[in-house]
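Peer 1: Any chance you can model this:
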Amino acid sequence: MSAGLGAAVVAGLREAGSREVLVRGDRRLTGEEVLAMVATATARLTAAGVRPGDTVACLYGSELESPIGRVVALALGLRYVHVLRGVPVTVAGQVMRTLRTSALLYEPSRGDEVAALLEACPVPIVRGLDADLFGPPREGVVTAPDLGDSPEIAWVTFSSGSTGERKAVAYEHRAEAAQYRVARAVFGRERWRLLVIPLPRYLPDVFVLWALASGGTAILEPDGRPERLADVAERENVTHLMAGCPAELYELADHLETRPADPPDLRLVIYGGAGPVPSRGARAARRLGAVLMQTYGTSEGGLLTSLGPRDHARPDLLASVGRAVPGVELRIRGKDGADLPSEAVGEIWVRTDQRMRGYVDAAIGTAPVTGDGWVRTGDLGHLDSSGYLFLLGRTEEGLPEGLHSRPIEDVLTGHPAVMGAAVFAVPGPAGPVLEGAVVAREGQRPDLDELRGLVRASLGHDHEPRRLHLVDEIPCGPSGKPNKPALTSRFTHP
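Peer 2: All right, here's what the predicted structure looks like:
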């Protein structure tokens, strides 16, 4: 019997009792207070006609009520559609219709989106995540069904949109439980005191639930400036800090160089969501290496690899995203689906109990899950002889044959005047043509011809971008990954 996430979260809140479990600014809620809010909300939704197994959608936001609303869904055993900011109304509405959604919850800050979503998918029950649902709190014992082995759909989130589409990804209860087991194994089984920026990405929201299930505390800090995060981490005795994508980690590490000491209770600074930049990672490791943890995962497969603090002490691994976490199998396969040897480049396939069931709407795309449970990630990479995974790009990037984006981007970002870089393809008369965009460090203006020559000298003439563009920022999707279709569109000329 596998413990379900809902049962684990309710047990963690009960264990916390009078200790604070959710913090945002001056607001501090204890485990008892959260359970009282959940008791009120479950009673009101039940009275309105919501039943276990029904589907509830939520316009999720950055206030404390959003994760509490998620706990309400877990306590009632509901399917939960996690509608993040930026998900098109047409996409969310189609998913809600497919799953026969009976209730819509919304954070008041997103109230202006309710009418359009209800037009796309009318539902009979609509409640704001405020006194409309939670107040005044009532006494009551909160329980959650233990669905850790259930194959029913528990949760629907949306992919990062790295291919230009926001696909609706459905997870079963047993996959949700497997993800929590892996999180405990990788990030620690003790109570967390987690600092997270409530961005419109699904992973920070899941981390909040994992922190509550640990009996610990989640601190939501919407101001993601490095100096603010460092101040809050020190004041709140943070043990786990979600630093975001590598670029956000590097900004935090640069800021910490100006401080006499790091926050004293930090055990892990977690980052991921995009490939690392070795030159900048080396600098971050000198300051934070003892607590750095990089992760790699996908919306479809869950948490797949980790590069731990000890690994960050090895310069040869700073371009890696680590080794498979417990319960994950990794393979590198060719276009024919055959396994490739170590060091060979191919598509990354994974098999894990964390994997999705599939995409909700088959019209969006065929679920990349094979009959024997393997998931195609769409990422390109290679494994070394010790099982460390190195990312090289995406299968759909469409670069000229034999080229991969990561090695070129690593050379560009290794230049001291460059803060960030992304390479992409634009159409040419004889096929795709390699171009790139670079962001300068503050006070710098890199010579673009010099950068092209650096790539040519490091990797060869065929890796040299035909043209580089100096931009203020690299456009990114909701996950923090570069939005390369946007760059291709911007720099494609008729």
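Peer 1: Now do the host helix or strand of Gly12: everything it contacts.
Peer 2: In this structure, Gly12 is located in helix 5-16 according to DSSP states H and E. With contact meaning CB atoms under 8 Å, 6 or more residues apart in numbering, helix 5-16 is reached by 21, 30-31, 34-35, 38, 71, 74-75, 77, 142-148, 154, 173, 176-177, 179-180, 209, 212-217. All C-beta spots, glycine's among them, are computed from the backbone N, C-alpha and C.
Peer 1: ok, now stretch 107-118?
Peer 2: By CB under 8 Å, 6+ apart, stretch 107-118 touches 57, 59-63, 65-66, 69, 83, 85, 89, 92-93, 96, 104, 106, 126, 128-130.
Peer 1: please redo it, this time with the cut-off set to 7 Å
Peer 2: Stretch 107-118 is contacted from outside by 59-61, 63, 65-66, 89, 92-93, 104, 106, 126, 128-130, using CB atoms under 7 Å, 6 or more residues apart in numbering.
Peer 1: Of the residues you listed, grab the buried ones for PyMOL.
Peer 2: In PyMOL, this line selects whichever of the contacts of stretch 107-118 come out buried by 16 or more other CB atoms under 10 Å:
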select buried, resi 59+60+61+63+65+66+89+92+93+104+106+128+129
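Peer 1: between the contacts of stretch 107-118, which is closest to Gly188?
Peer 2: Ser66 (24.5 Å; CB to CB).
Peer 1: State the phi and psi torsions of that closest one.
Peer 2: Taking degrees, to the nearest 10, you get phi -70, psi -50 for the backbone angles of Ser66.
Peer 1: just how off-centre is stretch 256-266 within its chain?
Peer 2: Distance of stretch 256-266 from the chain centroid (CA atoms, centre = their mean, to the nearest Å) equals 25 Å.
Peer 1: Show me what counts as buried in that stretch.
Peer 2: Going by 16+ other CB under 10 Å, stretch 256-266 has these buried residues: 256, 262-263, 266.
Peer 1: Just give me the closest of those to Ala3.
Peer 2: The closest of these, once distances to Ala3 are taken by CB to CB, is Leu266, at 28.1 Å.
Peer 1: Can you give me the neighbour number for the closest residue to the closest one other than its chain neighbours?
Peer 2: Among residues not flanking Leu266 along the chain, Val291 sits closest, at 5.2 Å (CB to CB, 6 or more residues apart in numbering). Neighbourhood size, Val291 [other CB atoms under 10 Å]: 19.
Peer 1: try Leu84
Peer 2: 19.
Peer 1: Over to Leu220?
Peer 2: Leu220 sits with 22 neighbouring residues when counted by other CB under 10 Å.
Peer 1: ok, it touching Leu195?
Peer 2: No - contact criterion CB atoms under 7 Å: Leu220 and Leu195 do not qualify, at 8.5 Å.
Peer 1: quick one, phi psi at the closest residue to Leu459 other than its chain neighbours?
Peer 2: Leaving aside its sequence neighbours, Leu459 sits nearest to Pro407 (CB to CB, 6+ apart; 6.0 Å). Phi and psi for Pro407, reported as degrees, to the nearest 10, are phi -60, psi -40.
Peer 1: Surely Pro407 touches Gly460?
Peer 2: No - using CB under 7 Å, Pro407 makes no contact with Gly460, being 10.3 Å away.
Peer 1: Look at those two and report which has more neighbours.
Peer 2: The neighbour count for Pro407 versus Gly460, taken as other CB under 10 Å, is higher for Pro407 (18 against 10).
Peer 1: do you know how far that one is from Leu45?
Peer 2: Per CB to CB, to the nearest Å, Pro407 is found 52 Å from Leu45.
Peer 1: How about Leu35?
Peer 2: Distance of Leu35 to Leu45, given as CB to CB: 16 Å.
Peer 1: Using the three-state scheme, assign the residue most central in space within the chain.
Peer 2: In the chain, the C-alpha nearest the mean C-alpha coordinate belongs to Leu203, at 3.8 Å (CA atoms, centre = their mean). With DSSP: H, G, I helix; E, B strand; the rest coil as the basis, Leu203 sits in helix.
Peer 1: Format the buried residues of stretch 256-266 as a markdown table; extra columns: distance to Arg355.
Peer 2: Converted to a markdown table, the buried residues of stretch 256-266 look like this (distance: CB to CB, whole Å):
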| residue | distance to Arg355 |
| --- | --- |
| Leu256 | 36 |
| Asp262 | 36 |
| Pro263 | 35 |
| Leu266 | 32 |
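Peer 1: Among those, which pair sits farthest apart?
Peer 2: The most widely separated members of the buried residues of stretch 256-266, counting by CB to CB, are Leu256 and Leu266 (10.2 Å).
Peer 1: For these two, list the residues in contact with both.
Peer 2: Contact criterion CB under 7 Å, 6+ apart; residues shared by Leu256 and Leu266: none found.
Peer 1: quick revisit: model confidence over the helix holding Gly12, on average?
Peer 2: Averaging pLDDT along helix 5-16 yields 97.
Peer 1: go on, stretch 108-122?
Peer 2: 97.
Peer 1: and the residue nearest to Arg351 when sequence neighbours are not counted, how many residues sit next to it?
Peer 2: Nearest non-adjacent residue to Arg351, counting by CB to CB, 6+ apart: Glu329, 4.4 Å away. Glu329 has 12 neighbours, counted by other CB under 10 Å.
Peer 1: Could you look up the SS state of Glu329?
Peer 2: strand.
Peer 1: check contacts around it.
Peer 2: Applying CB under 7 Å, 6+ apart to Glu329 gives the contacts 350-352.
Peer 1: was I right about the residue nearest to Leu266 contacting Leu268?
Peer 2: Yes - assessed by CB under 7 Å, Val291 is found in contact with Leu268 at 5.6 Å.
Peer 1: Overlap in contacts, those two.
Peer 2: In contact with both Val291 and Leu268: no residue, using CB under 7 Å, 6+ apart.
Peer 1: Now stretch 477-491 - C-alpha only, PDB.
Peer 2: Presented in PDB, the C-alpha positions along stretch 477-491 are these (Å, rounded to 0.1, in the frame of the first residue of the first chain):
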ATOM      1  CA  GLY A 477       8.400  30.100 -21.600                       C
ATOM      2  CA  PRO A 478       6.600  29.500 -18.200                       C
ATOM      3  CA  SER A 479       9.300  26.900 -17.200                       C
ATOM      4  CA  GLY A 480      12.200  29.300 -17.700                       C
ATOM      5  CA  LYS A 481      13.400  27.600 -20.800                       C
ATOM      6  CA  PRO A 482      14.300  29.700 -23.800                       C
ATOM      7  CA  ASN A 483      11.400  30.200 -26.200                       C
ATOM      8  CA  LYS A 484      13.200  29.400 -29.400                       C
ATOM      9  CA  PRO A 485      10.200  29.500 -31.700                       C
ATOM     10  CA  ALA A 486       9.800  33.100 -30.600                       C
ATOM     11  CA  LEU A 487      13.400  33.800 -31.600                       C
ATOM     12  CA  THR A 488      12.900  32.100 -35.000                       C
ATOM     13  CA  SER A 489       9.800  34.100 -35.600                       C
ATOM     14  CA  ARG A 490      11.400  37.400 -34.600                       C
ATOM     15  CA  PHE A 491      14.500  37.000 -36.800                       C
END
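Peer 1: Give the rounded mean pLDDT of that stretch.
Peer 2: Rounded mean pLDDT across stretch 477-491 is 84.
Peer 1: What of stretch 143-155?
Peer 2: For stretch 143-155, the per-residue pLDDT averages 93.
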